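> Next input, structure requested:
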Amino acid sequence: MKMNYAIIMGIMVLFSSCVQKEVGDSANIFGTLPSLKNGKMQQISSYDRNGGNNDRINIPAGETAEIANIEGPGVISRIWMTIDSRDPHFLRRILLRIYWDDETTPSVEVPIGDFFGSAFQYKHHTPMFIGMSSGGYYSYFPMPFQKRARIEVVNQTGSEVFAFYYQINYQSTKDIPENMAYFHAQWNRDIRTDYKDNYTVLETQGEGHFVGLNFHGQPYNKSLFYLEGDEMIYVDGEEFPSTHGTGLEDYFTSGWYFKNGEFDAAFHGLIHMDSLGRVSAYRHHIMDPIPFKESIKVTLEHGHGNEEIVDFSTTAYWYQKEPHTEYGDIDKAGLRIPLQRPVPNGAIEAEDLEVIGATKQIEDMSDYGSDWSSGQQLSLHPKEGENTRLIIPNALEQEYNLQLYFTEGPDYGIVSVSYMGNKNQNINGFAPSITPGKVAELKGVKPIDRNIVLDIKRMGKSSESSGYKIGLDAIVMIPKRNYIPEWYIIGPFPNPRESDDLRYGLDKVYPPEKELDLNAEYQGAEGQTVSWKRFNGKPGGYGMALWKHFDPSEFIISYAVTHVYSPIEQTVPLLIGSDDGAKVFLNDKEIYRFLDVRIAAPDQDRLDISLRKGWNKLMIKAENNFGGYAFYARIIDINNNLKYSIDGK
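Presented below is the predicted three-dimensional model:
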């Protein structure tokens with residue numbers, strides 16, 4: 001631990017003194033360190049009962065080992081384990097269960113890696129109460145019980161756990177005070193937070209206090225924007241949360257997307273962060289437990305306003321009087337495995353496509369992992385020489401790059417994927433076990449009559465494979481984005497504000513909204529003279545580097561104008577992204593308004609615009625609060641007949 005020893009001892013004495021004051025003299029085992037203790041300290045362990053050095057147990061596949069069955073009253077003060085499993089996903093496929101006082105549903109049911117803090121991989125981290133230390137796993141959460149404590153370890157790895165070592169230290173005592181609460185821990189996961197509600201860490205009824213959580217987040221686009229979400233904790237049925245945070249990294253007592261990297265402190269830390277955008281972190285409310293008398297609901301936003309679709313999993317720790325709210329069934333072992341090859345959001349499910357040729361089968365893949373985007377895949381068993389076609393409908397863009405997400409396994413063959421007889425990709429689907437496989441890429445794919453036809457052909461198999469099976473999970477269609485090529489832009493104009501939520505510039509009418517005179521000059525921000533300047537729009541967004549051309553570049557407004565020629569009246573999609581707010585005017589009529597604080601990305605919003613025959617004036621009013629400044633704008637030219645000109649000539 002990275003804390004001065006004297007500080008640690010001071011915190012422990014303070015904590016235990018508070019507990020002693022709370023429970024009275026009959027619970028001296030919670031007293032300060034020098035106080036004489038009642039009761040007897042005992043240890044249960046996996047030591048070799050035959051006197052040898054084989055101090056471990058084996059847990060066969062699919063079986064449950066009861067490692068403790070202790071008569072009360074007593075208090076578990078330490079749990080330690082270390083594990084040798086050949087399963088690469090054992091941190092999620094071995095379960096820890098703890099039962100109190102002969103209850104039939106566990107008070108603790110958590111995958112072993114999550115319970116001790118890190119499930120993406122074993123990671124050394126040493127907070128005060130629970131963690132992983134140099135190959136071991138430990139908990140110092142005090143766990144009192146009246147009648148009985150029973151601890152189980154469930155092996156759901158599919159193979160034998162050859163070595164499981166453990167030690168459980170507990171102190172027997174004559175009685176436990178009536179107001180003593182029981183320790184609980186619950187695991188939860190949402191593989192895709194594709195909903196507008198907050199993610200739920202814990203929702204329970206009863207009386208107790210929340211003492212913390214550990215968190216695992218993984219995005220589908222390697223972005224950390226999901227950290228923009230806040231924690232919101234509702235106590236005793238309140239409508240507005242009494243705890244409302246400012247961002248997830250702030251909740252974990254860090255800042256700026258964990259800008260200085262991994263660390264482990266006594267009560268909070270960042271266990272893991274990598275280039276995939278994965279984050280493992282913990283916050284233990286030891287000095288600030290959150291009490292509840294009737295109920296508590298602990299939630300996290302997934303991105304600002306729940307706009308990010310990510311994979312969230314959490315373990316909540318709390319104390320409460322029994323009985324506790326039943327948790328429901330924990331996810332099956334396969335669906336607890338961390339993502340290995342995330343399929344980006346917005347992918348097309350292969351099993352939904354029309355298949356011509358081989359027999360179409362939809363196969364449940366949930367036993368093999370959480371990567372399959374709907375828990376299923378399209379399985380094909382083509383005959384030798386048989387050509388199979390997949391039809392992708394409603395392809396509106398002029399050109400795409402395709403990513404095809406295949407499955408590998410012991411009976412999978414070699415498959416050829418092509419488009420219009422060319423752009424071949426050969427994929428060898430063999431692997432010793434079923435796993436998310438390679439991603440095939442086809443570039444420059446152009447739809448015909450808004451359909452894309454892919455040819456899938458069996459090409460043989462490797463010598464190790466036992467079959468010719470083909471498994472396809474999903475297809476990602478990445479459009480070739482052609483941004484509006486050229487703009488006249490003028491600015492900066494002032495963006496008056498009182499706060500982030502009260503910004504007035506977007507709705508203040510400046511001269512470019514009243515007239516379009518490309519030769520005019522106006523008074524802009526800070527009294528400067530501003531005029532129209534030509535900008536290259538092809539890079540789009542931040543590639544246009546608007547902030548380099550305006551001083552000031554924060555708390556400003558600018559206008560961008562161009563013209564679109566259509567030979568006919570038609571309705572086409574306009575796709576917009578902005579940092580921060582924006583308005584769109586078509587032929588001097590406002591058709592779009594967005595005002596918030598966000599980072600720009602392509603295609604954040606889509607609106608269908610009605611173009612008249614001839615030239616159409618398109619104006620974007622771009623608003624910046626502070627920081628980055630950008631906008632993206634492109635039109636999907638469905639009929640391939642649009643032209644652009646900045647001056648409408």
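
> low pLDDT regions in the stretch 401-550 of the chain?
422-423 (pLDDT under 70).

> run the last query once more with 90
419-426, 438, 498-502, 547 (pLDDT under 90).

> can you map out the helices along it?
511-514 (DSSP state H, counting those that start in this stretch).

> Then the chain?
Secondary structure of the chain by DSSP state H: the helices cover 5-23, 90-93, 112-115, 248-251, 511-514.

> Tell me the helices and strands packed up against the last one.
With contacts defined as 3 or more CB pairs under 8 Å, 6 or more residues apart in numbering; DSSP states H and E, the packing partners of helix 511-514 are strand 556-566, strand 614-624. (Each C-beta comes from the backbone N, C-alpha and C, glycine too.)

> out of these, which comes closest to Met477?
strand 556-566 (24.7 Å; CB to CB).

> hmm, back to that, ok, which of the helices and strands packed on helix 511-514 comes nearest Phe267?
strand 614-624 (38.2 Å).

> strands paired with the closest one, and their directions?
Using DSSP bridges, the strands paired with strand 614-624 in its sheet are strand 556-566 (antiparallel), strand 582-586 (antiparallel).

> Would you mind listing the buried residues in it?
For strand 614-624, the neighbour count (16 or more other CB atoms under 10 Å) marks Trp615, Asn616, Leu618, Met619, Ile620, Lys621, Ala622, Glu623, Asn624 as buried.

> how close does the closest residue in space to the second one that isn't next to it in sequence sit to Leu574?
I take that to be Asn616. Excluding its sequence neighbours, the residue lying closest to Asn616 (CB to CB, 6 or more residues apart in numbering) is Val564, at 4.7 Å. In this structure, Val564 and Leu574 are 9 Å apart, going by CB to CB, to the nearest Å.

> Mind listing the shared neighbours of those two?
Ile635 (CB atoms under 8 Å, 6 or more residues apart in numbering).

> where among the helices of the chain is the average confidence lowest?
Of all the helices of the chain, the minimum mean pLDDT falls on helix 5-23 (a mean of 38).

> Take the helices and strands packed on helix 511-514 and lay them out in a markdown table including mean pLDDT and distance to Tyr99.
Shown next, in a markdown table, are the helices and strands packed on helix 511-514 (pLDDT from 0 to 100; distance: least, CB to CB, whole Å):
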| stretch | mean pLDDT | distance to Tyr99 |
| --- | --- | --- |
| strand 556-566 | 97 | 62 |
| strand 614-624 | 96 | 57 |
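
> dump the residue contacts of Leu586.
Ile609, Ser610, Asn616, Lys617, Leu618.

> of all those, which two lie farthest apart?
Ser610 and Lys617 (13.4 Å).

> give me the number of residues near the residue nearest to Ile168 when sequence neighbours are not counted?
Closest residue to Ile168 apart from its sequence neighbours, by CB to CB, 6+ apart: Ile44 at 4.5 Å. Neighbour count for Ile44, taken as other CB atoms under 10 Å: 16.

> ok, Ile44 to Pro144 distance?
Taking CB to CB, one finds Ile44 at 17 Å from Pro144.

> Could you check how far Leu224 is from Ile79?
Distance, Leu224 to Ile79, by CB to CB: 33 Å.

> Over to Leu227?
31 Å.

> And for Glu384?
57 Å.

> Kindly report the same for Ile392.
52 Å.

> Model confidence for Asp371, exactly?
96.

> Return stretch 512-522 as PDB; C-alpha atoms alone will do.
Taking Å, rounded to 0.1, in the frame of the first residue of the first chain, the C-alpha atoms of stretch 512-522 are listed here in PDB:
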ATOM      1  CA  PRO A 512     -25.400  36.800 -41.300                       C
ATOM      2  CA  GLU A 513     -28.800  35.400 -40.400                       C
ATOM      3  CA  LYS A 514     -30.500  38.500 -41.800                       C
ATOM      4  CA  GLU A 515     -28.600  38.900 -45.000                       C
ATOM      5  CA  LEU A 516     -26.100  37.000 -47.100                       C
ATOM      6  CA  ASP A 517     -23.500  39.400 -48.300                       C
ATOM      7  CA  LEU A 518     -20.200  37.600 -48.800                       C
ATOM      8  CA  ASN A 519     -18.400  40.900 -49.200                       C
ATOM      9  CA  ALA A 520     -19.700  42.400 -45.900                       C
ATOM     10  CA  GLU A 521     -17.800  43.100 -42.700                       C
ATOM     11  CA  TYR A 522     -19.400  43.100 -39.300                       C
END
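
> list the buried ones in that stretch?
Buried, per 16+ other CB under 10 Å, within stretch 512-522: Pro512, Leu516, Tyr522.

> So which residues make contact with it?
488, 490, 493, 510-511, 529-532, 559, 561, 585, 617, 619, 621, 647.

> Phe252 contacts Phe215, doesn't it?
Yes: between Phe252 and Phe215 there is a contact at 7.4 Å, judged by CB atoms under 8 Å.

> any shared contact partners between those two?
Ala281, Tyr282, Arg283.

> Report the beta-bridge partners for the last one.
Each beta-bridge partner of Arg283 is listed here: Leu213, His268, as defined by DSSP bridges.

> Identify the residues contacting it.
Gly212, Leu213, Phe215, Tyr251, Phe252, Thr253, Phe267, His268.

> same thing but 6 Å
Gly212, Phe252, His268 (CB atoms under 6 Å, 6 or more residues apart in numbering).

> which one among these gets closest to Ala347?
So of the contacts of Arg283, ranked by how close each gets to Ala347 (CB to CB), first place is Phe252, at 30.6 Å.

> ok, that closest one - how many residues close by?
Neighbourhood size, Phe252 [other CB under 10 Å]: 24.

> Spatially nearest residue to it (excluding sequence neighbours)?
Using CB to CB, 6+ apart, the closest residue to Phe252 is Ala281 (4.3 Å).

> The one you found contacts His216, correct?
No: judged on CB atoms under 6 Å, Ala281 makes no contact with His216 at a distance of 8.4 Å.

> Which of the two has more residues huddled nearby?
Ala281 (28 against 24).

> got the contact list for the more buried one?
Phe215, Phe252, Leu270.

> Touching, the last one and Glu262? I think so.
Yes: checked against CB under 6 Å, the pair Leu270 and Glu262 is within contact range at 5.0 Å.

> Pick out whichever of these two has more residues nearby.
Remark: of Leu270 and Glu262, Leu270 carries more neighbours, 22 against 16, as counted by other CB under 10 Å.

> Would you quantify the distance from the more buried one to Leu300?
Leu270 is 16 Å from Leu300, by CB to CB.

> what's the answer for Pro111, then?
19 Å.
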